[in-house]
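S.K.: sequence-free structure coming up:
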């Protein structure tokens, strides 16, 4: 899809979700297509579909958990200023800080409100809260830059 079309769809979805949020009916689909230009290391990430873990069924999420990542909350990319802005922001962050994510699971507790066949349904928090099961630590590093890669184009 051309960049202008993607930008228009994203802008429309962001604005639609702002309106829906004011009436208390946010849309997960509009949120997906209209995700704001936030810092990739300050965002939370969620599995769309639940997974089976032995006797358990759960959705998985990763939540930023360092004070430095909390400071990224107001960071916004200007998509017209740098087409590789997300990559540049991540490289700059890794140059100064470790990245920490709390890995959490939301266990399936109610078959009626937490379907496994329809991944578009958000599971209600009142049925099952996310529980921390691990911390993912990505150490401070100097990520490989494209100019340092030796990729064969054969």
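M.R.: Cool, got the structure. Since the model is a prediction, treat every value here as computed from it, not as a measurement.
S.K.: any idea which helix or strand comes after the helix-or-strand element of the chain with minimal mean pLDDT?
M.R.: Every helix and strand in the chain was compared by mean pLDDT, DSSP states H and E; the lowest is helix 28-33, with a mean of 64. Of the helices and strands lying after helix 28-33 in sequence (DSSP states H and E), the nearest is strand 45-46.
S.K.: After that next one, heading C-terminal, what element do we hit next?
M.R.: Defined by DSSP H and E, the subsequent element after strand 45-46 is strand 51-53.
S.K.: in its sheet, what does that next one sit against?
M.R.: Here strand 51-53 has these sheet partners by DSSP bridges: strand 56-64 (antiparallel).
S.K.: What average pLDDT does the strand it pairs with get?
M.R.: For strand 56-64, mean pLDDT rounds to 96.
S.K.: which ones are touching the spatially most central residue of the chain?
M.R.: Nearest residue to the geometric centre of the chain (CA atoms, centre = their mean): residue 45, 3.3 Å. Listed by CB atoms under 8 Å, 6 or more residues apart in numbering, the contact set of residue 45 reads 61-62, 101. Glycine gets a C-beta too; all of them are placed from N, C-alpha and C.
S.K.: Tabulate those residues (JSON lines), appending distance to residue 95.
M.R.: Below are those laid out as JSON lines (distance: CB to CB, whole Å):
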{"residue": "61", "distance to residue 95": "27"}
{"residue": "62", "distance to residue 95": "21"}
{"residue": "101", "distance to residue 95": "18"}
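S.K.: Any stretches of the protein with poor pLDDT?
M.R.: Residues of the chain that meet the criterion pLDDT under 70 lie in 1-4, 6-7, 26-36, 144-154.
S.K.: one more time with 90, if that's ok
M.R.: Applying pLDDT under 90 to the chain flags the ranges 1-38, 48, 53, 76-88, 119-122, 142-154.
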